[in-house]
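fold the following and give me the result.
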Amino acid sequence: MCCLFGLYDYGQSLSARQKSRIISALAVAAEARGTDATGIAYLSGTHLSIYKRPLPAHRLRFRIPAAANVVMGHTRMTTQGSSHRNYNNHPFYGQIGSMGFALAHNGVLRNDRSLQVQKKLPVSKIETDSYVIVQLLEQAGKLDLQTLGAISELLRGSFTYTVLDSHARLFIVRGNNPFCLYHFPAQGFYIYASTKEILTAALRKFRKHIPSGRFEEIAVKEGEILRISRDGIRKTQTFSLDFLFPLSAYLPLRSVAFDPWNTRSTSYVDELKSVAGAFGYLPEDVDDLLADGFTAEEIEECFYEGFL
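You can find the predicted model right below:
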């Protein structure tokens, strides 16, 4: 599991110090889902910068420039491609014509290599499965809601990913992994993280350093792409998730009445606990992971992938 996090100060109400505090708090809270590497991408004017290191977030010092109003971040738990080779870490850089973009992904793609062959994508030293999305966007030659939807329908596995381009557009593409977005309308900024627990923990740390005001949670549903523009306006589009099946469908011990989409149901959790031993885990491990912010679907995915 990895964690996405970020900030969009479209109202330009935050100082450089406030933005740095927010990103630092989000990154450290995001360590709950990954400590192998940490990275951010930010836009100053039209210049897109990426800063990433194979280190946990608490060992980094974030200095967000005053001109950078949008920051996209990622903490990594390695599943494919060594984090010690920094080019394997997120965010990844891509380019379409004169427009640069950065991409960060939470999840595990199972068909990245088959897509590389089918789509005749160029050979790259980057070993991370997520990078195939960058290559598909570059091959498509455009970055918009329709293109992201078409590419997302090619992916197999689990994903939610974010894309920031040099036109100050932030795209959030939610597949079957969690995502939480808060909007502070009076101050004119958004913050986000992969889970509400992480976002809430970070908010407690930096709330006293930002202007007071109410916030609202903006729902980003599974199978939805949300675009935030430099004026803070949101636009959405949906894509099909019919090709994504919950891993629970392949669990041989599952009962017929089992509902895999009710991620906090007693039956789902009890079922996970009952089969945990077959994967080398204890029932108590399930409770610990739920307390850390994992969903039941993510825990089951970890059982099968073996990277807990």
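
CA atoms only: put stretch 79-86 into CSV for me.
What follows is stretch 79-86, C-alpha atoms only, in CSV (Å, rounded to 0.1, in the frame of the first residue of the first chain):
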residue,chain,number,x,y,z
THR,A,79,5.9,-3.7,-4.3
GLN,A,80,7.8,-3.7,-7.7
GLY,A,81,11.0,-1.9,-8.4
SER,A,82,13.6,-1.2,-5.7
SER,A,83,13.0,2.1,-3.9
HIS,A,84,16.8,2.5,-3.6
ARG,A,85,16.8,3.3,-7.3
ASN,A,86,15.2,6.7,-7.0
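
buried sites along it?
Neighbour-count burial for stretch 79-86, counted by 16 or more other Cβ atoms under 10 Å, picks out 79, 81, 83. In this view, the C-beta of every residue, glycine as well, is placed from N, C-alpha and C.

try stretch 14-31
Using 16+ other Cβ under 10 Å as the test for burial, stretch 14-31 gives 14, 18-31.

and for stretch 105-125?
With burial defined by 16+ other Cβ under 10 Å, the residues of stretch 105-125 counted as buried are 105-109, 112, 115-116, 121.

ok so, going back, and the buried residues of stretch 79-86 as CSV, adding distance to G188, secondary structure and pLDDT?
Shown next, in CSV, are the buried residues of stretch 79-86 (distance: Cβ to Cβ, whole Å; DSSP: H, G, I helix; E, B strand; the rest coil; pLDDT from 0 to 100):
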residue, distance to G188, secondary structure, pLDDT
T79, 36, coil, 84
G81, 37, coil, 87
S83, 35, coil, 91
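
which helices and strands does the host helix or strand of V117 pack with?
Element membership for V117, per DSSP states H and E: helix 112-118. Counting contacts by 3 or more Cβ pairs under 8 Å, 6 or more residues apart in numbering; DSSP states H and E, helix 112-118 is packed against helix 131-140.

got the buried residues for the next helix or strand after the helix it packs on?
For helix 131-140, the following helix or strand on the C-terminal side (DSSP H and E) is helix 145-152. For helix 145-152, the neighbour count (16+ other Cβ under 10 Å) marks 145, 147-149, 151-152 as buried.
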